[in-house]
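**Q** Pasting a predicted model and its sequence here:
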Amino acid sequence: MNTPHSADGVSDRPPYRPDPAGGCPHADNARLLAEGAVARVVLPGEVEGMAVLGHDALREFLSHPDVAKGPRHFTALAEGRIPEGWPLRTFATVPGMTTADGADHRRLRTLVSSAFTARRVEELRPRVEAVTAGLLDGLAAAAEAGDGVADLRRHYALPLPLGVICELFGVDPAHQDPLHRLSSLVVATDTEPARAVAANQELVALLASVVTAKSAAPGDDLTSALIAAHDEDGDRLSGPELIGTLLLMIIAGHETTLNLITNAVRALCAHRDQLALVVEGRATWADVVEETLRWDSPVSYFPFRYPTRDLTVGGTRIPRGTPVLAGYSAAGRDTGAHGPDADRFDVTRATTAKHLSLGHGPHYCLGAPLARLEATTALEALFTRFPELDLAVPEDDLTRHAGFVGNSVRTLPVRLSV
């Protein structure tokens, strides 16, 4: 396709407006990729930005030394043009490692990284397997009560990562439902300004109460460890950084894995031949997870990064201070990286290992080993116990996730047996 471009490499077509209410991203991604690796976007509130969509361009951008995460580099925010209730403001301003650069980022990341090494995560395997077994019993009970149909997202894909991350951080199980409800509002892109402000305030207050409780009675958990680090003279966490770190780890520690498990089950139900390859031992559950990450990334467009000088990425100029979305779902189906059949789900695909859905560079996903453990455990246990499991409604009837950051469906009704 020959698309006219301006002198700076950007398509002369009108900028892309991601739907704040969400929707399946793949058709729009394919159209945008046909026009170029980088696209102009208009974010909610008429905020101008850009999205990096091509695999090679995104890989370069994510690790570029002149790309920052700190909010001071966001020109419109620094100039006071971003209102308090802007639905994407939390992504830009929450104190913590996702909005820190350089030495600050390394300091914050080091404080929690030891809990997410491959060795430490492997030690969690027995606990993850035990939680999974209990949830399968609950899923079966829900299906029995629902005439054979249960919402797999609600009864299985959600409580596994949410329960594990809350247990790691010593969060009382009573807080899990409100934490998920509030985090869903925070990451949605269609939340009304007043509701967004209220949700952020309520979430911060809830996490502050967790910190207060752990300060009074420390336990063997990561929140207590972070508080102890905060009280030392060396690597020091400020109060806002502590709350911001908890917010990041709990939201990212369950929302993305929730989408990953949901999307993998959807993919396997729609591609029974691929499921058969795994059951027959010709592919692994790890292959399913990696191919799902590539083919239907749990995060579609992640906010934000900002060039600290004018940059040319994928042949397109991105001005300094522009808020840039990382287009993970687009990069996963880029034919330049994954071949002409990039839109086909194939668990034996050789290029699957090249996906960027867990990030790249200094901000690579800290929880990647845990997400992989949870997803592979969940899928193997699910299809071992319920080998005939299938969707209870057509794929096209599933309601999409709210917003263009997360990529999944809101519910996943399944039948456990035919």
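**A** That came through, no problem.
**Q** you'd agree Val409 is up against His401?
**A** Yes. In this structure, Val409 is within contact of His401 by C-beta atoms under 8 Å, at 6.3 Å. Any C-beta I mention is one placed from the backbone N, CA and C, and that applies to glycine too.
**Q** helices and strands of the protein: which one has the lowest mean pLDDT?
**A** helix 222-231 (a mean of 77; mean pLDDT, DSSP states H and E).
**Q** Flag every buried residue along the helix or strand just after that one.
**A** In the C-terminal direction, the helix or strand that comes right after helix 222-231 (DSSP states H and E) is helix 239-270. For helix 239-270, a neighbour-count test (16 or more other C-beta atoms under 10 Å) marks 241-269 as buried.
**Q** Now do helix 239-270, average pLDDT.
**A** Averaged across helix 239-270, the pLDDT comes to 91.
**Q** what distance separates it from the centre of its chain?
**A** Distance of helix 239-270 from its chain centroid, counting by C-alpha atoms, centre = their mean, to the nearest Å, is 6 Å.
**Q** Please apply the same query to stretch 213-227.
**A** 26 Å.
**Q** Now do it: everything it contacts.
**A** With C-beta atoms under 8 Å, 6 or more residues apart in numbering as the test, stretch 213-227 has contacts from 111-112, 115, 167-172, 210-211, 228, 237, 242, 245-246, 249.
**Q** Likewise for stretch 77-95?
**A** 20, 43-45, 47, 71-72, 74, 76, 98-99, 186, 188-194, 196-197, 200, 238, 240-241, 243-244, 247-248, 302-304, 321, 323, 403, 405.
**Q** Quick one: buried ones out of these?
**A** If we count by 16+ other C-beta under 10 Å, the contacts of stretch 77-95 have these buried: 20, 43-45, 47, 71, 74, 76, 98-99, 186, 188-189, 191, 196-197, 200, 241, 243-244, 247-248, 302-304, 321, 323, 403, 405.
**Q** looking at this, Arg153 is in a helix?
**A** Yes. Judged by DSSP: H, G, I helix; E, B strand; the rest coil, Arg153 forms part of a helix.
**Q** what's the closest non-adjacent residue to it?
**A** Using C-beta to C-beta, 6 or more residues apart in numbering and skipping residues adjacent in sequence, the residue nearest Arg153 is Leu412, 4.3 Å away.
**Q** residues in contact with the closest residue to Trp295 other than its chain neighbours?
**A** Take Trp295 and drop its neighbours on the chain: the residue closest to it by C-beta to C-beta, 6+ apart is Phe345, 5.0 Å away. When contacts are counted by C-beta under 8 Å, 6+ apart, Phe345 touches 267, 270-271, 274, 291-292, 295-296.
**Q** Below-threshold pLDDT in the chain: ranges please.
**A** 1-12, 230-236, 352-353, 418 (pLDDT under 70).
**Q** residue ranges for the strands of it, please.
**A** Using DSSP state E, the strands of the chain run over residues 38-43, 47-52, 67-68, 149-151, 301-307, 311-313, 316-318, 324-327, 390-391, 413-415.
**Q** between the longest one and helix 239-270, how big is the angle?
**A** In terms of direction (axes from the mean of the first three to the mean of the last three C-alpha atoms, to 10 degrees), strand 301-307 departs from helix 239-270 by 130 degrees.
**Q** Run through who's touching strand 301-307.
**A** Looking at what lies outside strand 301-307 - C-beta under 8 Å, 6+ apart - the contacts are 18, 25, 49, 51, 61-62, 64, 66-70, 73-75, 88, 91-92, 318-329, 404-405.
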